[in-house]
Every structure is written in structure tokens, then in C-alpha cells.
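Peer 1: Sharing a model that was predicted from the sequence below.
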Amino acid sequence: MDLYEYQARQLLEEQDIPTPDAIFAQNSHEVAEAADKIGYPCVIKAQVKIGHRGQAGGVKIAHNRDEAILESESILPMTIHGHKVSGVLVAEAKNILHEYYVSISVDRTSRDFDVLATANGGTEVEEIAKEHPEAVKRLHIDALGDFDLAAATEMAQSIGFYHADVDQAAQILLKMWRCFGDPDDESTKQLSALDAKISLDDNASFRHDGWARFVDPIVPDPFEQRAREHGLHYVHLHGEVGVIGNGAGLVMSSLDAVSGAGEEQGTNIKPANFLDIGGGASAAVMAESLEIVLSDPQVESVFINVYGGITSCVEVANGILEAVAKLGGSKPIVVRFDGNAAAEGLHILASANNPNIHVSETMEGAAAKAAQLAGEATQSKEVR
């Protein structure tokens with residue numbers, strides 16, 4: 001579960017991490033009251049579960065009550081990268097001497113925790129990491145280990161908090177770790193968390209009664225909601241190729257393969273979703289997954305990538321045919337099977353003799369075919 005900034009701040013504040021004074025507001029009247037209370041200048045920040053708000057016009061400075069109202073009225077109706085603004089955060093405007101970026105995440109490749117930081121600011125951090133890798137510091141924490149004050153101090157020193165106290169930075173890093181898992185500077189140069197992006201693991205929600213307060217007040221994406229009701233792991237993206245697989249790692253690789261194929265073909269075709277059917281998926285689960293993906297109007301083709309372990313490719317094949325029969329006319333579907341009952345599953349699909357179902361021996365070949373078919377469909381629409 002991704003949190004809005006105003007929600008993520010609550011978790012930081014509970015760990016005594018300094019944050020600017022701020023008030024969440026959902027209409028211009030609430031904004032005016034909040035701005036008067038916070039004081040001027042203040043920052044009006046769109047609340048969406050996605051980055052790059054500033055570049056999209058979702059972060060504005062207000063110097064008085066009238067500006068706060070006008071800026072909020074321009075931000076509140078916005079949709080930023082497909083995300084409807086749920087409200088705004090009216091925050092104290094800080095005099096920023098220097099901006100740092102710090103994150104803690106699960107590294108599924110190395111099966112540990114990854115602390116990433118840079119003194120080059122928090123905007124476009126992906127580009128910073130790509131163009132100036134030396135500016136990004138990384139620390140891996142063993143899954144059975146801990147991140148203590150000594151490690152936090154070493155990390156703070158390596159980042160180079162040259163406009164702030166290293167001891168204070170180390171304390172904040174340590175508190176971030178505590179928030180993730182579970183001496184004061186008397187000068188005017190104080191570190192403060194100006195923004196926060198936190199994702200909670202839904203699988204751990206049964207251990208945290210307090211997480212109920214973070215339920216999204218905005219009506220969720222209808223595709224994600226439908227998938228959640230069937231126990232499926234689905235993320236709605238903004239591309240043309242629906243992607244279904246079993247296992248998060250395999251699905252992520254499939255997304256990369258589709259994006260790479262789109263670039264190589266010069267069509268800029270992208271994945272339309274992430275959908276993990278999990279292990280041991282039945283024909284009914286596969287059918288429901290395919291129906292959800294095909295109900296998305298942006299989808300022009302579907303790439304199904306299954307490595308049969310617990311999951312039987314026979315079950316997946318039967319689910320594909322069940323969904324296609326139910327939906328009638330179907331968009332092209334490209335299938336790659338490997339592992340448990342792959343030959344039998346492919347035989348079932350071949351026997352159906354459906355011209356909209358294509359098979360490929362490799363993930364790369366299947367991704368390329370799906371991207372090609374989506375590109376052709378997109379071009380056909382543009383011509384019409």
C-alpha cells in the first residue's frame with residue numbers, strides 16, 4: 001500500500017524525524033485556514049501517490065491567503081500522470097540550503113535491505129544515479145543484521161552532509177531505519193524531511209492495527225480494485241501491452257523485456273500493467289486475470305509469461321481459453337510457457353486453433369511479438 005505524503009509524514013513524526021509544519025486540506029476553504037495557521041510563505045503540494053509533482057505543476061508557493069486559495073484551486077482538480085489529486089498539503093516553506101535524498105528499500109536481488117543516499121538532491125534521482133553513479137552511496141544491510149548508530153554515522157559521513165551536522169544526519173538515518181523496520185545541533189542548519197514516500201507491505205497489515213488509518217479515501221483504480229478482490233497482485237501502468245506472469249521476479253523481467261522491445265522497434269510501446277497470478281494458479285484465476293487485463297481499453301496485446309513450478313501450464317492454458325471464449329473477440333495474446341506441463345499447455349492452445357493466440361519459445365521473443373502487435377494496433381488507430 002503506497003501512502004500519500006501527508007500519511008507518510010505521520011510515520012516519520014512518530015519516530016521524531018523533523019518535518020516542516022503542515023496541514024492536509026481537501027478544498028480551498030480548508031487551504032485558506034491551514035495557510036493562515038502555518039504562516040506565509042507556505043507550500044501547496046498536490047497529494048498523489050506518484051513523483052514528479054513539481055514538474056507537473058502540482059507544487060506551488062503561496063505568499064498570502066489569496067495566492068493560497070488560487071493555487072489550491074488550480075491544483076485540486078488536477079490529474080497527475082493518471083493519478084487524481086486527493087487533496088493538498090499546506091506546508092511551512094523552508095529556506096533550503098541543500099537538498100539530500102535518502103531511501104531504504106527491500107533489495108529482492110541480494111535478499112537484503114538497501115540504503116541509498118545522495119547529496120545531489122531528491123529530484124530526478126534516477127537520472128543522477130545513471131549519469132553520476134559516483135554521487136550515489138549504497139549500503140546493504142543483512143536481512144538478519146541491524147543498522148546501528150555506528151553504521152548510520154558511517155553512512156552519513158560517506159554521503160557528505162557538508163551543510164549539516166553529521167551526528168544529526170546519522171540520528172535521522174537511524175530513525176528512518178526504525179520507521180522502516182519497526183546530540184542536537186544548536187545552529188540554524190537543521191535537517192528536515194521535506195517530503196516522504198512510503199509503501200507498506202499489505203502482507204504485514206494483520207500485524208499493524210494502526211495501518212487502517214491509511215486506507216485511501218479516494219476511490220481506487222477500478223482494475224486494481226477488481227484484482228485485489230480476487231487476491232491478485234496487480235499494478236496499473238500506462239502502456240499498451242498487458243503483462244501476466246507467475247512470480248514477481250518473472251513479471252518484472254517481463255515488463256523490462258516489453259519496454260526493451262518497444263525501444264528496439266522504435267514504437268515506444270510500454271507495459272500496461274503488472275499482474276502476478278502467484279504459484280499454483282488455477283484455470284479460474286488465470287481466466288479472471290486475463291479478463292481484468294483485457295478490460296483495460298489501453299491494452300492492445302497481452303504477454304503471458306509462465307514458468308510452471310507449482311503452477312501447471314495446463315491450468316493456465318485452460319484459463320486462457322476460458323477467458324477468450326467468455327469475452328468473444330479478443331485482442332492478440334502472446335504466450336510463453338516453460339516448466340511444469342509446458343508442452344501439454346501449448347498443445348491445448350494449438351488445438352484451439354485461435355488466430356489471436358500466438359506462442360513463443362523465449363521470453364524475449366514473446367515480448368517482441370507482443371510489442372510488435374501492440375504497435376501495429378496503435379498505428380492502425382492513428383491512421384483511422
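Peer 2: Perfect, thanks for sending it. Residues are numbered from 1 along each chain as shown.

Peer 1: Just the CA atoms of stretch 80-90, as CSV, please.
Peer 2: Taking Å, rounded to 0.1, in the frame of the first residue of the first chain, the C-alpha atoms of stretch 80-90 are listed here in CSV:
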residue,chain,number,x,y,z
ILE,A,80,-1.0,13.9,-12.5
HIS,A,81,0.3,11.0,-14.6
GLY,A,82,-3.1,9.3,-14.3
HIS,A,83,-3.4,9.9,-10.5
LYS,A,84,-6.3,12.1,-9.4
VAL,A,85,-5.2,14.6,-6.7
SER,A,86,-6.8,13.6,-3.4
GLY,A,87,-6.1,16.9,-1.6
VAL,A,88,-3.2,19.2,-0.9
LEU,A,89,-0.7,19.5,1.9
VAL,A,90,-0.2,23.1,3.1
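
Peer 1: And that stretch, how far out from the chain middle?
Peer 2: Stretch 80-90 has its C-alpha centroid displaced from the chain centroid by 15 Å (CA atoms, centre = their mean, to the nearest Å).

Peer 1: do the same with stretch 293-309
Peer 2: Mean-position distance between stretch 293-309 and its chain equals 19 Å (CA atoms, centre = their mean).

Peer 1: Dump the C-alpha coordinates for it into PDB.
Peer 2: The C-alpha coordinates for stretch 293-309 follow below in PDB (Å, rounded to 0.1, in the frame of the first residue of the first chain):
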ATOM      1  CA  VAL A 293      -6.200  -7.100 -18.300                       C
ATOM      2  CA  LEU A 294      -8.300  -7.200 -21.500                       C
ATOM      3  CA  SER A 295     -11.000  -4.900 -19.900                       C
ATOM      4  CA  ASP A 296      -8.400  -2.100 -19.900                       C
ATOM      5  CA  PRO A 297      -9.100  -0.100 -23.100                       C
ATOM      6  CA  GLN A 298      -5.400   1.000 -23.400                       C
ATOM      7  CA  VAL A 299      -4.300  -2.700 -23.800                       C
ATOM      8  CA  GLU A 300      -3.600  -3.600 -27.400                       C
ATOM      9  CA  SER A 301      -2.000  -7.000 -26.800                       C
ATOM     10  CA  VAL A 302      -1.200  -9.300 -23.900                       C
ATOM     11  CA  PHE A 303       2.000 -11.100 -23.000                       C
ATOM     12  CA  ILE A 304       1.600 -14.200 -20.700                       C
ATOM     13  CA  ASN A 305       4.800 -15.500 -19.300                       C
ATOM     14  CA  VAL A 306       4.600 -18.600 -17.100                       C
ATOM     15  CA  TYR A 307       7.300 -20.800 -15.700                       C
ATOM     16  CA  GLY A 308       5.500 -23.800 -14.400                       C
ATOM     17  CA  GLY A 309       6.600 -25.000 -11.000                       C
END
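
Peer 1: Give me the mean pLDDT for that stretch.
Peer 2: If you average the pLDDT over stretch 293-309, you get 94.
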